[in-house]
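Trainee: Quick check, what structure comes out for this input:
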Amino acid sequence: MNETVYVTGHKNPDTDSICSCIAYTELKRKLGVNAVPVRIGTINRETKFVLDYFGIEEPAYLNTVKTQVADLNMDIVNPVSKDISIKTAWQIMQSNNWRVLPVTDEDGKLLGIITLSDITKNYMDTLESNILSVSHTPMRNIIETLKATLVAGCEKDFNPTGKVFVAAMTPKKTNQFLKKGDIVLAGDRKESQINAVKEGASCLILTCGCKAEQDILDLAEKCGCMVLETNYGTFSAARLIDQSVPVSYVMSRKNLVFFHVNDYVDSIRDRMIQTKYRNYPVIDEDGHIKGFISRYHLIAARKKKVILVDHNEKSQTIDGIDEAEVLEIIDHHRIGDIQTASPILFRNNTVGSTATIVASMYFENGIIPSKKIAGLLYAAIISDTLNLKSPTSTYQDSKMASRLAEMAEIDTEHFAEKMFQAGSVLNEMSPEQILNYDFKDYRFDKCRIGIGQVNSSSSSDIEHAQEKLLDYLKKARKQHSYDLLMLMITDIVRNGSLILFSSNGTALPRAVFGKPDSADGAVFADDVISRKKQVVPLISDAVRSLSIT
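Mentor: This is a model prediction of the structure:
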């Protein structure tokens, strides 16, 4: 499957933004793209009604498209058990050209890491003659390291408490050094073998290919001593046996520097510089190892791939967009300020709804939308055009809405009434919820303008909410440093909008509305129901005229 492509609408998404996002994602999937719909805000009540009506889940929330550790081409290194010998670990590293191995438990959770330097340091610095005892080395490791055969005793009973000792002296001299629980290496001198067993050796290792005679095996069985046979010479066996130590004894586990797959790349750079390790393990939310990263991985980080729907302004889009790769923009608004590194598909048509464009792209590609998708697209069109009554509505919107309604088998009048009714609930929302119901942020020259819009079919609800909303606007404007903050309460019945505003002075409201002499107030605008086509152009002209004067 191809790399994931996120399809998203704008912040504080409306019905057109969400429905067009879902529908366009489905189209891209049919065209072979691994597309995923996401939202960057909470869906409003009208949109929830639409999604519930057609039985479609809302897109998952995505807060940013900043590059994360999961986006890096990390080195995949198979983990090893904590019980394997350092010799086995060394062989695995050499055969795969790895310099580090993750050590995990039975569930795959990271316990530590072992590097080539850990192994060589242990081998070169080993001064403890009882290292096999203190490291709790299992018998299986010794057998594998020495390529030995167990001829007496049972692996699970191995419990050395002493040191590794080479029986190179006479039994009498040997007894001055030999302690109970020691591991004894001996050649073919039978008296040394017998002496080692009788003195309480936990394990007798016969080197140089020597075979234990039956009386030795019987004595070992009686004394609880294990017996191994190896073809290695005594010197080689003595040198190799320390390589039986389990990796858990030498691995790095304290103050381990690791990263999570969800960490952002810009947040791990400083830690890499401060620690200066060669490799860093990466784990997931459950502590499972996913791979290793180094500094060079940051250079070739994969950017998240994004398609923007129903917007093309940085203030309205997902956080981290500068770190992502924008593949396409499908929109019906003014051209904004998003820049791309290379040419992209930019579909920007003068229609009343992005859904009209998306539906057209289905038919242009010879693909018929499903009944549910047709319903979503229809709902998006009549939502953004106020049931085709908005001045933004075009013949294309009307024609496409009619075609989609027929495909979705919708009772258009009944559906529109229920949909707008679901979104017209001023008395059930807080001032903050009302302002953010369908809110957009704009930049005009040096002015920061915020415009919210909500529909209502009840004049009494509008009058009841006006005072508390205006008080909230004043606080919100100062808190978020807007030059002008506006809320359009569009009265579907009267075909106009009550526009509440709060400004940092009287000049901008006067330039926009022509008559207010106060920085805060309300104006009812007949026949004004479109933010995009009727209000935004007015503000743009007003800001331009003020900057000239």
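
Trainee: For the rest of this, base every contact and every neighbour count on C-alpha atoms.
Mentor: Noted.

Trainee: Tell me the first helix or strand C-terminal of the longest helix anywhere in the chain.
Mentor: Once the chain is assigned using DSSP state H, the helix that runs over the most residues is helix 459-480. Following helix 459-480 in sequence order, the next helix or strand is strand 484-491 (DSSP states H and E).

Trainee: what's the angle from whichever helix or strand comes after that next one to helix 459-480?
Mentor: Note on strand 484-491: by DSSP H and E, the next helix or strand toward the C-terminus is strand 496-503. If you take axes from the mean of the first three to the mean of the last three Cα atoms, to 10 degrees, strand 496-503 sits at 20 degrees to helix 459-480.

Trainee: Contacts for strand 496-503, please.
Mentor: Residues lying outside strand 496-503 but in contact with it, judged by Cα atoms under 8 Å, 6 or more residues apart in numbering, are 466, 469-470, 473-474, 477, 482-491, 509, 519-529.

Trainee: What pairs with that strand, parallel or antiparallel?
Mentor: strand 484-491 (antiparallel), strand 520-526 (antiparallel) (DSSP bridges).

Trainee: right, so of those, which gets closest to residue 418?
Mentor: Comparing these against residue 418 with Cα to Cα, the closest turns out to be strand 484-491 (15.8 Å).

Trainee: mean confidence for stretch 50-59?
Mentor: Confidence for stretch 50-59, expressed as mean pLDDT, is 97.

Trainee: Please export the C-alpha coordinates of that stretch as PDB.
Mentor: As requested, the backbone C-alpha atoms of stretch 50-59 are provided in PDB (Å, rounded to 0.1, in the frame of the first residue of the first chain):
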ATOM      1  CA  VAL A  50     -25.700  14.700   8.500                       C
ATOM      2  CA  LEU A  51     -23.200  12.100   9.400                       C
ATOM      3  CA  ASP A  52     -25.700  10.300  11.700                       C
ATOM      4  CA  TYR A  53     -28.300  10.500   9.000                       C
ATOM      5  CA  PHE A  54     -26.200   8.700   6.500                       C
ATOM      6  CA  GLY A  55     -24.500   6.400   9.000                       C
ATOM      7  CA  ILE A  56     -21.000   7.600   8.500                       C
ATOM      8  CA  GLU A  57     -18.400   8.000  11.300                       C
ATOM      9  CA  GLU A  58     -16.700  11.300  11.800                       C
ATOM     10  CA  PRO A  59     -13.100  11.500  10.700                       C
END
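
Trainee: one step back: make a markdown table from the strands paired with strand 496-503 and add distance to residue 443 to it.
Mentor: Compiled in a markdown table, the strands paired with strand 496-503 are given as follows (distance: least, Cα to Cα, whole Å):
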| stretch | distance to residue 443 |
| --- | --- |
| strand 484-491 | 11 |
| strand 520-526 | 20 |
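
Trainee: where in the chain is pLDDT low?
Mentor: For the chain, residues meeting the criterion pLDDT under 70 lie at 1, 122-129, 425, 457-462, 548-549.

Trainee: so where's the longest strand in it?
Mentor: When every strand of the chain is counted residue by residue (DSSP state E), the longest turns out to be strand 447-456.

Trainee: List the buried residues in that strand.
Mentor: 449-456 (16 or more other Cα atoms under 10 Å).

Trainee: Show the buried residues in the contacts of strand 496-503.
Mentor: Among the contacts of strand 496-503, the ones that count as buried by 16+ other Cα under 10 Å are 466, 469-470, 473-474, 477, 482-491, 509, 519-522, 527-529.

Trainee: Surely residue 337 touches residue 313?
Mentor: Yes: distance between residue 337 and residue 313: 5.3 Å, which falls inside the contact criterion (Cα atoms under 8 Å).

Trainee: Which one's more surrounded, these two?
Mentor: residue 313 (21 against 11; other Cα atoms under 10 Å).

Trainee: so what's the more buried one up against?
Mentor: With contacts taken as Cα under 8 Å, 6+ apart, residue 313 has the following neighbours: 335-338.

Trainee: Quick one: neighbours of residue 223, just the number.
Mentor: By other Cα under 10 Å, the residues close to residue 223 number 15.

Trainee: Please report how far it lies from residue 35.
Mentor: The span separating residue 223 from residue 35 equals 70 Å under the rule Cα to Cα, to the nearest Å.

Trainee: how about the helices in the stretch 1-150 of the chain?
Mentor: For the stretch 1-150 of the chain, the helices defined by DSSP state H, counting those that start in this stretch cover 15-30, 45-54, 86-96, 116-125, 131-134, 139-145.

Trainee: mind checking how far the residue of the chain most remote from its centre is from residue 368?
Mentor: When distances are taken from the C-alpha mean of the chain, residue 172 lies farthest, 68.5 Å away, according to Cα atoms, centre = their mean. Look at residue 172 and residue 368: by Cα to Cα, they are 96 Å apart.

Trainee: Let me know the distance separating the most centrally placed residue in the chain from residue 62.
Mentor: Closest residue to the average C-alpha location of the chain: residue 262 at 4.5 Å, with Cα atoms, centre = their mean. Distance of residue 262 to residue 62, given as Cα to Cα: 12 Å.

Trainee: Overlap in contacts, these two.
Mentor: Common contact partners of residue 262 and residue 62 (Cα under 8 Å, 6+ apart): none.

Trainee: Can I get stretch 103-121 in PDB, CA atoms only?
Mentor: Listed next in PDB are the C-alpha coordinates belonging to stretch 103-121 (Å, rounded to 0.1, in the frame of the first residue of the first chain):
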ATOM      1  CA  VAL A 103      17.100  -6.700  24.200                       C
ATOM      2  CA  THR A 104      13.400  -7.300  25.000                       C
ATOM      3  CA  ASP A 105      11.300  -9.400  27.300                       C
ATOM      4  CA  GLU A 106       8.900 -12.100  26.300                       C
ATOM      5  CA  ASP A 107       6.300  -9.500  25.300                       C
ATOM      6  CA  GLY A 108       8.700  -7.600  23.100                       C
ATOM      7  CA  LYS A 109       9.100  -4.700  25.500                       C
ATOM      8  CA  LEU A 110      12.500  -3.000  25.500                       C
ATOM      9  CA  LEU A 111      14.800  -3.900  28.400                       C
ATOM     10  CA  GLY A 112      18.000  -2.500  27.200                       C
ATOM     11  CA  ILE A 113      20.500  -2.400  24.300                       C
ATOM     12  CA  ILE A 114      23.800  -4.100  23.700                       C
ATOM     13  CA  THR A 115      26.400  -2.700  21.400                       C
ATOM     14  CA  LEU A 116      29.700  -3.900  20.000                       C
ATOM     15  CA  SER A 117      31.500  -1.800  22.500                       C
ATOM     16  CA  ASP A 118      29.500  -3.300  25.400                       C
ATOM     17  CA  ILE A 119      30.700  -6.800  24.300                       C
ATOM     18  CA  THR A 120      34.300  -5.900  23.700                       C
ATOM     19  CA  LYS A 121      34.600  -3.900  26.900                       C
END
